[in-house]
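J.: Please work out how this folds:
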Amino acid sequence: RTFHRWVRPTLMEFKRRKDKMDFVEPNRRSGFLEWNYNAELYAFGKRLGEDFNKDLLKNALIEKSYIEQEELRQKKVGIEPDLSIKDNSSLSADGEKLMDSYINHYLETTLPNLPRRYVKKLKEYLLSEELLAKISKGIGIDDLVLCAEFPVAKSTLARTLKSVIQALALSQGSERANRFVRDLVLVELVDQDLTLFCIPENPLDTLQDVLKKNGADPAESRLIAEVGRNSVLASYQVGVYSNKKMIGRGFGENIETARDMAACDALWRRWGILSQKRPFPFKLEFPLKLTSGSCQ
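T.: From the prediction side, this is the model:
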């Protein structure tokens, strides 16, 4: 009811005409007449609420492929290449160390009971090329990065985001860069089911080891309920008990699967990663000394 009558037929006509056209390669944003690179860099920092050093931000957005492309272009017209610019490879490497240190420290602080191998899995997800490329594109880096390829590759976007974070650390300090990582990268865990990253190969054996280390009685599994035993939709509910208390329950199409899920449920409760857990404390702040000396 909130749309005018002409909107639907107009959009349909646009779609019909677009389908009739041949494939049109996307154009670089920098190819438009009103493009002003310095103004775009200024607006980029203001959109993010950060004050970047202009030279550092420019350096963070220059890829090695762009320098090679410009040198080749100068050679073709008979000019000896003499570019007084450097690429963002060193910034990207330092930015990756900064992100790795902060994310690892944050996860170990907020999930103290989670085994380190699963903390590593969560960190690998947060530092994955695909996720960083999505974040990078979301804040508009794909329009600003100077590189040879277009559309910009995911690896380039991920690498450039790391260099931008390092440029922020050098401009305003590592604490500000840590907040940037928290607000843009760590928040990706909000809509994720953390249990999918923390599934042990042998749940019951793992649970027994955990209980033994904590001085608790060994776990016992008991069948709680079952439905449709002789049908293709059979469902079993198994509970896991220790010290005469239920510590987990699970469902499955057979008793073995239900028992493993119950053991997983008990482990997830101990690790504090179930969906009903408290939200991540994104306002948490703590001092963090980085190993890289470039941010000091």
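
J.: where does the stretch 1-150 of the chain dip in pLDDT?
T.: Along the stretch 1-150 of the chain, the parts satisfying pLDDT under 70 run over 1-2, 81.

J.: Now do the strands in it.
T.: Using DSSP state E, counting those that start in this stretch, the stretch 1-150 of the chain contains no strands.

J.: mind listing the helices in the stretch 101-250 of the chain by residue range?
T.: Remark: helices assigned in the stretch 101-250 of the chain by DSSP state H, counting those that start in this stretch are 116-126, 129-138, 141-144, 154-172, 174-184, 203-213.

J.: looking at those helices, which is buried most?
T.: helix 154-172 (a mean of 24; mean count of other Cβ atoms under 10 Å). (Each C-beta comes from the backbone N, C-alpha and C, glycine too.)

J.: Contacts for that one next, please.
T.: 50-53, 56-57, 59-61, 63, 65, 88, 91-96, 98-99, 129-130, 132-133, 135-137, 141-142, 145, 147, 149, 176-177, 180-181, 294-295 (Cβ atoms under 8 Å, 6 or more residues apart in numbering).

J.: switch the cut-off to 7 Å
T.: 50-53, 56-57, 60-61, 63, 88, 91-92, 94-96, 98-99, 129-130, 132-133, 135-137, 141-142, 145, 147, 176-177, 180-181, 294-295 (Cβ atoms under 7 Å, 6 or more residues apart in numbering).

J.: do stretch 33-46 as well
T.: So stretch 33-46 is in contact with 29, 51, 52, 54, 57, 58, 140, 144, going by Cβ under 7 Å, 6+ apart.

J.: Mind checking which of these land in helices?
T.: 54, 57, 58, 144 (DSSP state H).

J.: Look up the closest residue to the second one, ignoring the ones flanking it.
T.: By that I understand residue 57. residue 167 (5.3 Å; Cβ to Cβ, 6 or more residues apart in numbering).

J.: Report the separation between that neighbour and residue 259.
T.: Residue 167 is 52 Å from residue 259, where distance means Cβ to Cβ, to the nearest Å.

J.: Also residue 23?
T.: 54 Å.

J.: who's more crowded, these two?
T.: residue 259 (22 against 4; other Cβ atoms under 10 Å).

J.: my read is that one is in a helix, agree?
T.: Yes: Residue 259 sits within a helix when classified using DSSP: H, G, I helix; E, B strand; the rest coil.
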